[in-house]
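Asks: Sequence first, then the predicted structure, then my questions.
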Amino acid sequence: MKNVMRRVTTMTFSSLLQSPPPLPISHRPFRSLPLATQRILTFCTKSKPNMADFSYLSQREAAEIDETLMGPLGFTLDQLMELAGLSVATSIAEVYKPSEHSRVLAICGPGNNGGDGLVAARHLHHFGYKPIICYPKRTAKSLYTGLVTQLESLSIPFVSVDDLPEDLSKDFDVILDAIFGFSFHGAPRPPFDDLIRRLVSLQMLQKHPSIVSVDIPSGWHVEEGGHEGGGIKPDMLVSLTAPKLCAKRFCGRHHFLGGRFVPPSVAEKYKLELPSYPGTSMCVRIGKPPIVDISAMRVNYVSPELLEEQVETDPTLQFRKWFDEAVAAGLRETNAMALSTTNKDRKPSSRMVLLKGYDENGFVWFTNYESKKGSDLSENPCAALLFYWEILNRQVRIEGPVERIPESESEYYFHSRPRGSQIGAIVSKQSSVVPGRHVLYDEYEELTKKYSDGSVIPKPENWGGFRLRPNLFEFWQGQPSRLHDRLQYSLEDANGKPAWKIHRLAP
Ligand SMILES: NC(=O)C1=CN([C@@H]2O[C@H](COP(=O)(O)OP(=O)(O)OC[C@H]3O[C@@H](n4cnc5c(N)ncnc54)[C@H](OP(=O)(O)O)[C@@H]3O)[C@@H](O)[C@H]2O)[C@H](O)CC1
Ligand SMILES: Cc1cc2nc3c(=O)[nH]c(=O)nc-3n(C[C@H](O)[C@H](O)[C@H](O)COP(=O)(O)O)c2cc1C
Ligand SMILES: Cc1ncc(COP(=O)(O)O)c(C=O)c1O
Ligand SMILES: [K+]
């Protein structure tokens, strides 16, 4: 596609045929765990099978890990607390959106758990929440006074226990329980005893703020747990480093793990079986995903209006504008599109493909000409493309006739791909039945060896590009109450020449 087409953002494609990634830790077989942990695991496996994959720390182990991190491993408390607090804030943001749960009360205790709460509150503020802090027993150390100063400089209010509203359910959507962590022992002393009692009675109400506990539900025994004895029942628990034994008794809807800083030596020493964190996330959900009512799943789209007078007269330019905005919005595969084809019996079929270039002449993707889509397109050379850019509430539909691109352009593009994907294209007789994965892997290995000298990998004859020449575009912008904007561009006759006409369609 030398200079013919504008190349879409370079995407990395980790081919199915490249070496398989290691199993995430959570999927590896159960390994030997500390005895106490094993006992609890065996006990709980019966009632909650999905929890058996993780290890749980005793109070002593948790403290020991902290000492190791901050001793021989060279971490400082400030660093760990910052990461712990950030994990808590990102976990909250995954479950409670600021649009509906902005009013957060962070109750912070005298130790490091309280410090995590202070850090989390700062991050929540930057995420768009409106936190208020109750921090009755302040620590004079500079780490804590610094955190307080940072919060004050953001005008985050501090409230005393006496000034807290009697009914916490009216003023708050989320209560962050950062009172006690893994060093809690005995029975809670004032003023925390009363604060915990208030959280317990709050939960008796039908509608109450969601309680999010940092590391340990405050007042629970670190190993034995305890809400049966009348303690708090948090809706969410964010375990740090690894869940403590009491987390086995957690029955709330959302259990997250944070503290993405555990070096392999610590994981190894304590035989930690933990899930892997996705992508760049600071937190990962553990335990069962929440049960959702699919029929109630809906988003009320709120977007700027899409007006006839704002859009480009040329739909390719309008596409460029939206495509670039989607890239700028940070979408991972802006160029992923659904391609719909039909066969000679008019039977439709859809799949995702990657857009690899577009201009006024059309939209190009690459594939195997002998695949299902290839065969459909030879029987009916017409197709529809569909993009959905969720975070922008936008959808684009494109339809038109399809043709193969010149062989030289396919050649050029094929050799620009990673060598693994080039070999993958040779190995895959796309859409045909394969007796097993090993067949693909064996051939892949063989070809990898064959071409290990760096010689040119020949493009299979049946692999190349298709170009759809649009005769219809539709730009869709989601709006409240389902009254979306839909602007359709169709090619119509204007004095004997085709010209793009814009029509607004009912949503
Ligand atoms: N590695 C990590 O994941 C990190 C986690 N962090 C967080 O740190 C806590 C543990 O912090 P620590 O300071 O050791 O302990 P606590 O936050 O639990 O609080 C200890 C203070 O609480 C007092 N305390 C204890 N029991 C009671 C009680 N019954 N009533 C009232 N007060 C109590 C205790 O006072 P004492 O006089 O009793 O000693 C302390 O003042 C961990 O859970 C994580 O949240 C770190 O941020 C970084 C690394
Ligand atoms: C995000 C995404 C992008 C894809 N891109 C391509 C592509 O560019 N070309 C391709 O042949 N298959 C691509 N695939 C695989 C196709 O969806 C499909 O499985 C394959 O092409 C076989 O389809 P068919 O049997 O209908 O021909 C992609 C899949 C996904 C999920
Ligand atoms: C089977 C197949 N072929 C081709 C592609 C496109 O790969 P590339 O971006 O290397 O052209 C993909 C992308 O997912 C694919 O799955
Ligand atoms: K806590």
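Replies: Noted; the coordinates are in hand. Ligands and ions are numbered 1, 2, ... in the order given.

Asks: Wasn't residue 169 part of a helix?
Replies: Yes. Counting by DSSP: H, G, I helix; E, B strand; the rest coil, residue 169 is found in a helix.

Asks: And the pLDDT at the closest residue to it other than its chain neighbours?
Replies: Closest residue in space to residue 169, ignoring its immediate chain neighbours: residue 208 at 4.9 Å, by CB to CB, 6 or more residues apart in numbering. C-beta here means a position set from N, CA and C on the backbone, and glycine is covered the same way. Note on residue 208: pLDDT of 93.

Asks: measure residue 208 to ligand 3 for me?
Replies: 46 Å (CB to the nearest ligand atom, to the nearest Å).

Asks: now swap in residue 350 and tell me
Replies: As defined by CB to the nearest ligand atom, residue 350 lies at a distance of 15 Å from ligand 3.

Asks: rewinding a little: how about the secondary structure of the residue nearest to residue 169?
Replies: Criterion first, three-state DSSP; result for residue 208: coil.

Asks: Quick check: it touching residue 201?
Replies: No. Using CB atoms under 8 Å, residue 208 is not in contact with residue 201, being 9.5 Å away.

Asks: and these two? which has more neighbours close in?
Replies: The neighbour comparison of residue 208 against residue 201 (other CB atoms under 10 Å) goes to residue 208, with 18 against 11.

Asks: quick one, phi/psi of that one?
Replies: phi -140, psi 160 (degrees, to the nearest 10).

Asks: After the helix or strand bottoming out on mean pLDDT in the chain, which helix or strand is next?
Replies: When the helices and strands of the chain are scored by mean pLDDT, DSSP states H and E, helix 35-47 comes last with a mean of 33. Tracing the chain past helix 35-47, the next element assigned as helix or strand by DSSP states H and E is helix 59-70.

Asks: Would that following helix count as contacting ligand 1?
Replies: Yes. Using CB under 6 Å from any ligand atom, helix 59-70 comes into contact with ligand 1 via 65-66, 69.

Asks: residue boundaries of the strands in the stretch 51-200 of the chain?
Replies: Assigned strands in the stretch 51-200 of the chain, in chain order: 103-108, 130-134, 174-178 (criterion: DSSP state E, counting those that start in this stretch).

Asks: Show me how far the second one is from its chain's centre.
Replies: Strand 130-134 has its average C-alpha position 27 Å from the chain's average C-alpha position, going by CA atoms, centre = their mean, to the nearest Å.

Asks: can you count the residues close to the nearest residue to residue 80 once chain neighbours are set aside?
Replies: Spatial nearest neighbour of residue 80, excluding adjacent residues (CB to CB, 6+ apart): residue 69 at 6.2 Å. By the measure other CB under 10 Å, the count of residues near residue 69 is 21.

Asks: Do I have it right that residue 122 meets residue 85?
Replies: Yes. At 7.2 Å, residue 122 counts as touching residue 85 under the criterion of CB under 8 Å.

Asks: between those two, which one's more packed in?
Replies: Neighbour count, other CB under 10 Å: between residue 122 and residue 85, residue 85 has more, with 26 against 23.

Asks: what residues are up against that one?
Replies: 115-123 (CB atoms under 8 Å, 6 or more residues apart in numbering).

Asks: Likewise for residue 92?
Replies: With CB under 8 Å, 6+ apart, residue 92 has these contacts: 104, 120, 124, 129, 174, 176, 212, 236, 238.

Asks: Report the separation between it and ligand 2.
Replies: Separation of residue 92 from ligand 2 (CB to the nearest ligand atom): 30 Å.

Asks: Stretch 75-89 near ligand 4 at all?
Replies: No. Stretch 75-89 does not reach ligand 4 (CB under 5 Å from the ion); its nearest approach is 9.8 Å.

Asks: Please render the contacts of residue 92 as a markdown table that adds distance to residue 314 and neighbour count to the earlier fields.
Replies: Listed next are the contacts of residue 92 as a markdown table, based on distance: CB to CB, whole Å; neighbours: other CB atoms under 10 Å:
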| residue | distance to residue 314 | neighbour count |
| --- | --- | --- |
| 104 | 47 | 26 |
| 120 | 49 | 31 |
| 124 | 44 | 27 |
| 129 | 43 | 25 |
| 174 | 48 | 23 |
| 176 | 51 | 32 |
| 212 | 50 | 28 |
| 236 | 49 | 24 |
| 238 | 50 | 29 |
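
Asks: where's residue 350, which helix or strand?
Replies: With DSSP H and E as the test, residue 350 turns up in strand 348-354.

Asks: Just give me the neighbour total for residue 268.
Replies: 9.

Asks: For it, pull up the helix or strand it's in.
Replies: helix 264-269.

Asks: List the contacts of the helix or strand following that helix.
Replies: Using DSSP H and E, the helix or strand that follows helix 264-269 towards the C-terminus is strand 283-286. If you take CB under 8 Å, 6+ apart as the criterion, strand 283-286 is touched by 54, 87, 90-91, 94, 238-239, 243, 254-258, 260, 275-278.

Asks: Help me confirm that residue 115 comes into contact with residue 144.
Replies: Yes. At 6.1 Å, residue 115 and residue 144 qualify as touching, with contact defined as CB under 8 Å.

Asks: who's more crowded, the two?
Replies: Neighbour comparison, residue 115 and residue 144: the larger count goes to residue 115, with 28 against 20 (by other CB under 10 Å).

Asks: Residues touching stretch 253-266, excluding its own?
Replies: Looking at what lies outside stretch 253-266 - CB under 8 Å, 6+ apart - the contacts are 65, 68-69, 73, 75, 79-80, 83-84, 86-88, 90-91, 94-95, 235-243, 247, 272, 274-275, 277, 281-287, 290.

Asks: Buried ones among these?
Replies: Neighbour counting with 16 or more other CB atoms under 10 Å marks 65, 68-69, 75, 80, 83-84, 86-88, 90-91, 95, 235-243, 247, 272, 274-275, 277, 282-287 as buried within the contacts of stretch 253-266.

Asks: list the contacts for the residue lying closest to residue 147 once chain neighbours are set aside?
Replies: Nearest non-adjacent residue to residue 147, counting by CB to CB, 6+ apart: residue 118, 4.2 Å away. For residue 118, the contacting residues are 85, 106, 108, 133, 135, 144, 147-148, 151, 178, by CB under 8 Å, 6+ apart.

Asks: Where neighbours are concerned, which of these has the most?
Replies: Highest neighbour count within the contacts of residue 118, by other CB under 10 Å: residue 178, with 34 neighbours.

Asks: what about the residue nearest to residue 169, distance to residue 502?
Replies: 51 Å (CB to CB, to the nearest Å).

Asks: likewise residue 296?
Replies: For residue 296, the distance to residue 502 (CB to CB) stands at 36 Å.

Asks: So the two - more neighbours on which side?
Replies: Set residue 296 next to residue 502 and count neighbours by other CB under 10 Å: residue 502 wins out with 16 against 6.

Asks: For the more buried one, name its beta-bridge partners.
Replies: residue 489 (DSSP bridges).

Asks: Pretty sure it sits against residue 309.
Replies: No. With contact defined as CB under 8 Å, residue 502 and residue 309 do not form a contacting pair (10.2 Å).

Asks: Ramachandran coordinates for the closest residue to residue 247 other than its chain neighbours?
Replies: Closest residue to residue 247 apart from its sequence neighbours, by CB to CB, 6+ apart: residue 239 at 5.5 Å. For residue 239, the backbone dihedrals (degrees, to the nearest 10) come out as phi -80, psi 140.

Asks: Let me see the contact set for residue 239.
Replies: Counting by CB under 8 Å, 6+ apart, residue 239 makes contact with 215, 247, 255-258, 286.

Asks: go again using 7 Å as the cut-off
Replies: By CB atoms under 7 Å, 6 or more residues apart in numbering, residue 239 lies in contact with 215, 247, 257.

Asks: Quick check: mean pLDDT of stretch 311-329?
Replies: 97.
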